[in-house]
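**Q** Fold the following.
(one chain, ligands or ions: 3)
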Amino acid sequence: MIEQVEFYNRRQAVLAQMVDNSVAIIEAGQEQTRSNDTEYPFRQNSDFWYLTGFNEPDAYLVLIKKADIAEAWVFCRAKDKLAEIWNGRRMGPELAQAELAVDKTFAVAEFNQHILPVLDGCHAVYWPHGQNKLEKTVLALVQDIRSKGKLGCPPYQFNDLSRIVHEMRLFKSATEIEIMQQAADISANAHKRAMSFSQAGKYEYQLEAEIQHEFAMNGARFVAYNSIVAGGDNANILHYTENSDRLKDGDLVLIDAGCELQGYAADITRTFPVNGKFSPAQKAVYQIVLDAQLESMKLLLPGNTLKQATDRAVEVITQGLIDLGILHGSLEDNIQAQEGQAPAYRQFFMHGLGHWLGLDVHDVGQYKVDQQDRQLQKGMALTVEPGIYISIDADVPDKYKGIGIRIEDNIVITESGHKVLTTLAPKSIEDIEAWMQG
Ligand code: GLY
Ligand code: MN
Ligand code: MN
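**A** Numbering: from 1, shown residues only. Ligands and ions are numbered 1, 2, ... in the order given. You can find the predicted model right below:
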């Protein structure tokens, strides 16, 4: 669990990077309507969570850096007996001050009243840009100060807080890695459970239910993203989440599912035979994807780039597809773009090798620095997820049609290499078959 002191230290680190005489404003997430008067389960805004560990909607965190003060204030929903009887408990400003270890707390209804005097006279105001509602709120506050004419002193630098907070979020602390390891273990066991349960005639959503069961029974109530359970050709739809078809004997099923634990995501994909036994054609394609993953992973080390590993995966996949007679011509011809067209291999591997992983499944953090691919460094967490997708309409030998395979693991870069977090989920052909038949 992330302790209060870690949230406190993160806020201090943000304050240290803010310019003198400035204020930062971060808004909590909002309840989202599902239909009429029912809501989706509440999910906190990741930046707000990262800096507070406070899981209520309708709140603001304000960081203030002036000559003699560096303070954190929280605005949250006031206690309200009737509202709490109907809709659930609220921490309330009084308790929040100690619970969140901040300097001051107020009712959110008093936000304007307290924030205006703080903003007035500041040089800079920070907020995570691109969050439309907050942007409007901040600019309206600044306009209020401007409208005071000679009596107001409005801020004149508008800075993106994301540059500071997202760079911090990219590097995971030991505690964050521990939680991500737990999320990975729970998710890997869920994949094993789905493998055991798999049978022709079952519905895709029934495998999804097994996965959700394993998550919840192990402390993770929510998925980090909607699970993909894709039998046969459905695996060739990259973000297939209908999960409504029956599984067929002889098909593969691709499951991309990960739980969310204390806000942190796991993101695992395994592809396995519905009946527990790979056909020779399925084996051949599967082994290429696995080789591509293992080969590219060797390059995911401090000092190297994700691009280097991606290029290696592309080489292995492309050569493999040439060897199977799915692609034709030289390795180079299939990897290079030809006359403004996408490279040939992209018909079958059309997404990237991986992405940052953390509080968001596609986590924040720049992939390039000054337009150069950034070097991997200790503490960065990412996925490694090559795939080969051959739709039933593809112009390839019949035995390969309708095969879609992705293998996705989660890693953290260490001092001298990386640690794989998702080793509990069987991955080699032998291990998957042994687990499913065992
Ligand atoms: N599950 C989304 C992804 O793999 O990127
Ligand atoms: Mn995934
Ligand atoms: Mn992923």
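**Q** switch to C-alpha atoms for all contacts and neighbour counts from now on
**A** OK.
**Q** Excluding sequence neighbours, find me the nearest residue to the residue in the stretch 301-438 of the chain that ligand 2 sits nearest to.
**A** Proximity to ligand 2, evaluated over the stretch 301-438 of the chain using CA to the ion, is greatest for Glu408 at 6.5 Å. Sequence neighbours aside, Glu385 is the residue nearest to Glu408 in space, at 4.0 Å (criterion: CA to CA, 6 or more residues apart in numbering).
**Q** same check, this time on Glu84
**A** The shortest distance from Glu84 to any non-neighbouring residue, by CA to CA, 6+ apart, is to Arg90 (6.8 Å).
**Q** Would you mind writing the CA trace of the strand or helix carrying Ala96 as PDB?
**A** For Ala96, the host element (DSSP states H and E) is helix 92-99. The C-alpha coordinates for helix 92-99 follow below in PDB (Å, rounded to 0.1, in the frame of the first residue of the first chain):
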ATOM      1  CA  GLY A  92     -15.400  15.800   4.700                       C
ATOM      2  CA  PRO A  93     -12.900  18.700   5.000                       C
ATOM      3  CA  GLU A  94     -12.400  18.200   8.700                       C
ATOM      4  CA  LEU A  95     -11.200  14.600   8.600                       C
ATOM      5  CA  ALA A  96      -9.400  15.200   5.300                       C
ATOM      6  CA  GLN A  97      -6.800  17.400   6.700                       C
ATOM      7  CA  ALA A  98      -5.300  14.700   8.900                       C
ATOM      8  CA  GLU A  99      -6.200  11.800   6.700                       C
END
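**Q** next one: that helix to chain centre, how far?
**A** Centroid separation for helix 92-99 versus its chain: 30 Å, with CA atoms, centre = their mean, to the nearest Å.
**Q** which residue packs closest to the residue in the stretch 1-150 of the chain that ligand 2 sits nearest to, ignoring adjacent ones?
**A** The nearest approach of the stretch 1-150 of the chain to ligand 2 comes at Ser46, 18.8 Å away (CA to the ion). Spatially, and ignoring its direct neighbours in sequence, Ser46 is nearest to Leu359 (6.1 Å; CA to CA, 6+ apart).
**Q** Settle this for me: that neighbour is touching Tyr264, isn't it.
**A** Yes. Using CA atoms under 8 Å, Leu359 makes contact with Tyr264 at a distance of 4.4 Å.
**Q** how far away is the residue nearest to Leu252 when sequence neighbours are not counted from Asp249?
**A** In space, Leu252 comes closest to Pro273 once its chain neighbours are excluded; the distance is 4.2 Å by CA to CA, 6+ apart. If you measure Pro273 against Asp249 using CA to CA, to the nearest Å, the figure is 8 Å.
**Q** between the two, who's got more neighbours?
**A** Neighbour comparison, Pro273 and Asp249: the larger count goes to Pro273, with 28 against 16 (by other CA atoms under 10 Å).
**Q** before we move on, back to that, identify the residues contacting the residue nearest to Glu408.
**A** With contacts defined as CA atoms under 8 Å, 6 or more residues apart in numbering, the neighbours of Glu385 are 269, 293, 352-354, 406-409.
**Q** residues touching the residue of the stretch 301-438 of the chain closest to ligand 2, list them.
**A** 267-270, 383-386.
**Q** and if you look at Gly320?
**A** Going by CA under 8 Å, 6+ apart, Gly320 touches 285, 288.
**Q** okay, it: pLDDT?
**A** In this model, Gly320 is scored at 98, pLDDT.
**Q** helix or strand for it, which one?
**A** Taking DSSP H and E as the definition, one finds Gly320 inside helix 306-323.
**Q** what about the residue nearest to Glu84, helix or strand, and which?
**A** In the assignment (DSSP H and E), Arg90 maps to no helix and no strand.
**Q** Please apply the same query to Ala190.
**A** Secondary structure from DSSP H and E places Ala190 in helix 174-197.
**Q** May I see the buried residues of that helix?
**A** Judged by neighbour count using 16 or more other CA atoms under 10 Å, the buried positions of helix 174-197 are 176-177, 179-196.
**Q** for stretch 20-38, same thing?
**A** Quick answer for stretch 20-38 (16+ other CA under 10 Å): 20-29, 31.
**Q** Export those residues to CSV and append columns for distance to ligand 2 and pLDDT.
**A** Converted to CSV, these look like this (distance: CA to the ion, whole Å; pLDDT from 0 to 100):
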residue, distance to ligand 2, pLDDT
Asp20, 41, 97
Asn21, 42, 97
Ser22, 39, 98
Val23, 37, 98
Ala24, 33, 98
Ile25, 32, 98
Ile26, 28, 98
Glu27, 28, 98
Ala28, 26, 98
Gly29, 24, 97
Glu31, 25, 96
